[in-house]
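>>> Quick one, structure for this:
(one chain, ligands or ions: 1)
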Amino acid sequence: MTQIIDGKKISAEIKDELKQEVAAMKAEGKEIALAVIQVGEDPASSVYVRNKKKACEYIGITSVSYEIPEDSTQQELLDLVEKCNKDPKINGILVQLPLPPHMDEDAVIHAIDPKKDVDGFHPVSVGNMVIGNDGFLPCTPAGIIELLKRSGVEIGGKECVVVGRSNIVGKPMSMLLLRENGTVTVCHSRTRNLREVCSRADILVVAVGRPKFIDASYVKEGAVIIDVGIHRNENNKLCGDVDFDAVKEKTSAITPVPGGVGPMTIAMLMKNCVQSKKLFGE
Ligand code: GUN
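From the prediction side, this is the model:
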């Protein structure tokens with residue numbers, strides 16, 4: 001029987017655990033606040049931002065919203081980040097990506113105080129993750145590790161194949177699987193024999209950004225499949241990078257889209273906010 005990995009349920013459990021922890025911290029006078037910065041009004045970004053603020057409210061974290069216009073200058077955004085860096089009441093800073101094309105995302109990520117880098121994108125956070133020091137882990141890959149662990153999937157010694165090498169998902173995912181003692185292969189657009197490499201995987205994580213790209217021919221019998229993609233198909237229905245119906249029977253466990261990886265990203269962002277207060281809050 002295939003196990004459908006329920007990201008909605010697992011993320012709700014994590015949020016409930018965090019809610020209790022935050023309540024206990026509040027009782028000691030420790031308040032947590034997240035600055036949420038959105039530039040422009042990209043509809044997908046607005047949905048993500050709204051969900052992040054809702055999660056804050058549920059858990060008991062104050063969210064401080066900054067919505068600045070699409071045509072703001074890079075300097076205006078950097079000044080806002082600096083204001084949040086200096087504000088002792090703010091524990092985490094989230095700048096929703098993507099930024100408008102006239103802005104330099106790298107420069108903005110660099111400007112965030114690493115002690116408030118709850119997205120885990122700053123080079124200091126990336127370095128700490130690679131070394132294995134305490135710090136902020138990037139939310140989507142960290143959420144996937146949590147999904148695997150809480151679904152009883154052993155990572156140690158397994159053949160793990162990651163398809164995609166973005167800074168947000170693929171690269172950090174490979175590092176976190178390595179930290180869990182997986183044997184990790186990272187594939188990308190230049191990989192030869194992609195199908196053959198994927199069919200070696202005990203755990204296959206797909207983040208290619210192409211709808212239903214992975215069919216049954218890429219999947220080993222009994223593999224665990226994690227689908228990071230999210231797309232709207234021709235019937236306006238959500239689907240992932242994996243052809244769920246075509247591969248499901250072949251897998252031992254698989255994440256659905258929606259309701260798999262997506263909800264975990266926000267739960268891990270909330271965890272990083274709590275972590276920030278614990279590591280660096282006064
Ligand atoms: N855009 C897509 N994913 C993310 C994320 O995890 N964090 C931020 N800040 N922007 C995103």
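
>>> From now on I want contacts and neighbour counts done on CA atoms only, so please keep to that.
OK.

>>> my guess is Q20 is in a helix, correct?
Yes: the assignment for Q20 (DSSP: H, G, I helix; E, B strand; the rest coil) places it in a helix.

>>> tell me the pLDDT at the closest residue to it other than its chain neighbours?
Spatial nearest neighbour of Q20, excluding adjacent residues (Cα to Cα, 6 or more residues apart in numbering): I59 at 8.0 Å. I59 is assigned a pLDDT of 98 by the prediction.

>>> for the one 5 residues further on, same thing?
The pLDDT attached to V64 in the predicted structure is 98.

>>> which element is the residue nearest to it when sequence neighbours are not counted on?
Leaving aside its sequence neighbours, V64 sits nearest to A35 (Cα to Cα, 6+ apart; 4.7 Å). The secondary structure element spanning A35 is strand 33-39 (assigned by DSSP states H and E).

>>> How about C198: what's its closest non-neighbour residue?
Y218 (5.4 Å).

>>> thought the one you found was touching S199?
Yes: under the criterion of Cα atoms under 8 Å, Y218 makes contact with S199 at 5.0 Å.

>>> Helices of this protein, start to end?
7-27, 43-59, 74-86, 105-111, 123-131, 139-150, 170-179, 194-198, 244-247, 262-280 (DSSP state H).

>>> Columns mean neighbour count and distance to N235 on top of these, output as CSV?
Below are these laid out as CSV (neighbours: other Cα atoms under 10 Å; distance: least, Cα to Cα, whole Å):
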stretch, mean neighbour count, distance to N235
helix 7-27, 17, 23
helix 43-59, 16, 18
helix 74-86, 16, 38
helix 105-111, 15, 33
helix 123-131, 17, 39
helix 139-150, 21, 27
helix 170-179, 22, 29
helix 194-198, 17, 28
helix 244-247, 16, 16
helix 262-280, 22, 21
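
>>> Now tabulate those in JSON lines and tack on distance to Y66.
Listed next are the helices of the chain as JSON lines, based on distance: least, Cα to Cα, whole Å:
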{"stretch": "helix 7-27", "distance to Y66": "23"}
{"stretch": "helix 43-59", "distance to Y66": "11"}
{"stretch": "helix 74-86", "distance to Y66": "9"}
{"stretch": "helix 105-111", "distance to Y66": "15"}
{"stretch": "helix 123-131", "distance to Y66": "24"}
{"stretch": "helix 139-150", "distance to Y66": "21"}
{"stretch": "helix 170-179", "distance to Y66": "28"}
{"stretch": "helix 194-198", "distance to Y66": "42"}
{"stretch": "helix 244-247", "distance to Y66": "38"}
{"stretch": "helix 262-280", "distance to Y66": "17"}
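
>>> okay, those in a markdown table with distance to the ligand next?
As requested, those are exported to a markdown table (distance: least, Cα to the nearest ligand atom, whole Å):
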| stretch | distance to the ligand |
| --- | --- |
| helix 7-27 | 15 |
| helix 43-59 | 7 |
| helix 74-86 | 13 |
| helix 105-111 | 9 |
| helix 123-131 | 14 |
| helix 139-150 | 6 |
| helix 170-179 | 12 |
| helix 194-198 | 25 |
| helix 244-247 | 22 |
| helix 262-280 | 7 |
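
>>> Dump stretch 120-128 to CSV, keeping only the CA atoms.
C-alpha atoms of stretch 120-128 as CSV (Å, rounded to 0.1, in the frame of the first residue of the first chain):
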residue,chain,number,x,y,z
GLY,A,120,17.9,30.8,5.8
PHE,A,121,19.1,32.4,2.5
HIS,A,122,21.9,34.5,3.8
PRO,A,123,25.4,33.1,3.1
VAL,A,124,26.1,32.9,6.9
SER,A,125,23.1,30.7,7.3
VAL,A,126,24.1,28.6,4.2
GLY,A,127,27.6,28.2,5.6
ASN,A,128,26.3,27.1,9.0
